[in-house]
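Q: Starting from these lines, generate the structure:
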Amino acid sequence: MVSQADILKALSVIIDPDFKKDIVSLGFVKDIVIGNASVALTIELTTPACPVKEEFKRQADAALLALPGIDQVNVTMSSNVVAAKTKEGIPGVANIIAVASGKGGVGKSTTTVNLAVAMAQTGARVGLLDADIYGPSIPRMMGLSGKKPQIDRDTETIIPLENYGVKTMSIGYLVEDNQAMIWRGAMVAGALKQLLGDVEWGELDYLFIDMPPGTGDAQLTLTQTVPVTGAVMVTTPQDIALIDCSKGINMFEKVHVPNLGIVENMSQFICPHCGESTAIFAEGGAERLSQQHATEVLAHIPLDLQIRINADEGTPIVAAMPDSDQAKAYQTLAGEVARKISILNRRQVNIPIIMQS
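A: Here you go, the predicted structure:
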């Protein structure tokens with residue numbers, strides 16, 4: 001009969017590509033049970049959205065079946081999302097991610113919605129906060145227009161509305177659709193603090209915050225109120241958007257929020273008739289910006305008619321057409337964001353990490 005040491009030795013050949021260590025040294029292998037000719041165990045990753053999760057399982061199955069006398073293997077893949085520990089945050093929320101842009105009109109909200117839903121599809125516990133007080137769009141994009149959240153009378157907290165596996169909150173749920181929010185900065189800051197602190201989010205692995213464009217009161221309020229794990233910056237390829245995106249990156253750097261990377265939205269126009277791609281907003285802008293700020297381009301999202309139609313209809317494309325090429329771009333983005341967060345949080349416990357080039 002094989003021993004636990006034999007099993008750990010067999011699995012030590014599986015190397016995590018981000019941490020550059022084997023899964024045994026990283027403490028991922030748990031709950032080993034050895035039978036007469038069988039082995040069962042759990043591989044606990046740092047996120048359910050791990051891009052190499054299935055590859056790890058395949059390698060583990062092969063390594064264990066190669067052991068003498070073993071003909072049955074049961075490898076369970078699980079996850080334990082590490083919380084960012086910098087200062088007191090929202091109870092139960094492990095990681096807060098700002099999705100931001102330097103200017104409006106670059107598709108930030110569409111990106112945030114599809115990113116959040118794609119992350120939830122991996123099994124992660126996900127929330128989505130609409131921080132755009134003046135122009136909330138999350139209710140419509142999440143198919144929740146006209147819905148009103150309930151109040152927990154015992155705790156006097158707001159119960160977030162949920163769709164597509166994502167808990168959501170927006171000022172748009174609390175006011176009429178056509179009501180203009182004619183508020184000064186202090187009122188916006190107060191509303192954002194309430195949406196952060198007076199909502200019963202429960203246990204979340206990731207809370208995505210759809211920020212208003214720019215570098216104003218909402219951004220400062222967020223970073224001063226809760227520990228933001230990192231920021232995802234959304235831009236389009238043309239110079240004017242890139243200039244404003246650079247300002248946004250600089251702003252988050254000044255308030256000590258790590259930059260998780262850049263999403264180049266509308267990178268190519270996909271003709272709905274012939275499928276031809278055209279770079280109508282220029283090419284290579286996000287790559288140049290990433291080099292300037294020593295960060296990564298997390299995804300290139302096309303300017304696609306179907307993405308727009310689904311956003312307007314309240315059916316995010318990752319939910320409506322999960323096997324489409326458009327949805328796969330957001331699913332890849334979710335994996336990259338989860339990967340970067342895992343690396344940041346593991347670094348906090350002093351595990352040396354070598355980033356992939």
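
Q: For Met251, give me its contacts.
A: 215, 219 (CB atoms under 8 Å, 6 or more residues apart in numbering). The C-beta positions use only the backbone N, C-alpha and C, and glycine is treated the same way.

Q: same thing but 6 Å
A: Contacts for Met251 (CB atoms under 6 Å, 6 or more residues apart in numbering) come out as Thr215.

Q: Just the C-alpha atoms of the helix or strand hosting it, please, in PDB.
A: Assigning secondary structure by DSSP states H and E places Met251 in helix 239-254. The C-alpha trace of helix 239-254 is given here as PDB (Å, rounded to 0.1, in the frame of the first residue of the first chain):
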ATOM      1  CA  ASP A 239      -5.000  58.400 -27.500                       C
ATOM      2  CA  ILE A 240      -7.600  60.600 -25.700                       C
ATOM      3  CA  ALA A 241      -8.900  57.600 -23.700                       C
ATOM      4  CA  LEU A 242      -5.400  56.400 -22.900                       C
ATOM      5  CA  ILE A 243      -4.300  59.800 -21.500                       C
ATOM      6  CA  ASP A 244      -7.300  59.800 -19.100                       C
ATOM      7  CA  CYS A 245      -6.700  56.100 -18.200                       C
ATOM      8  CA  SER A 246      -3.100  57.000 -17.300                       C
ATOM      9  CA  LYS A 247      -4.400  59.700 -15.000                       C
ATOM     10  CA  GLY A 248      -6.600  57.100 -13.300                       C
ATOM     11  CA  ILE A 249      -3.700  54.700 -12.800                       C
ATOM     12  CA  ASN A 250      -1.600  57.500 -11.300                       C
ATOM     13  CA  MET A 251      -4.500  58.400  -8.900                       C
ATOM     14  CA  PHE A 252      -4.800  54.900  -7.600                       C
ATOM     15  CA  GLU A 253      -1.000  54.700  -7.200                       C
ATOM     16  CA  LYS A 254      -1.000  57.800  -5.000                       C
END
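
Q: What is the neighbour count of the nearest residue to Gln268 once chain neighbours are set aside?
A: Closest residue to Gln268 apart from its sequence neighbours, by CB to CB, 6 or more residues apart in numbering: Ser277 at 4.3 Å. Counted with other CB atoms under 10 Å, residues neighbouring Ser277 total 12.

Q: Tell me both backbone torsions, phi and psi, for Ser277.
A: The phi and psi values for Ser277, taken as degrees, to the nearest 10, are phi -100, psi 140.

Q: Pairing partners for it in the sheet, please.
A: Beta bridges link Ser277 to Ile270 when assigned by DSSP bridges.

Q: isn't it right up against Cys271?
A: No - the criterion here is CB atoms under 6 Å, and Ser277 misses it with Cys271 at 7.8 Å.

Q: ok so, going back, what's the pLDDT at the residue nearest to Gln268?
A: With respect to pLDDT, Ser277 has a value of 79.

Q: Would you mind measuring from it to Lys167?
A: For Ser277, the distance to Lys167 (CB to CB, to the nearest Å) stands at 36 Å.
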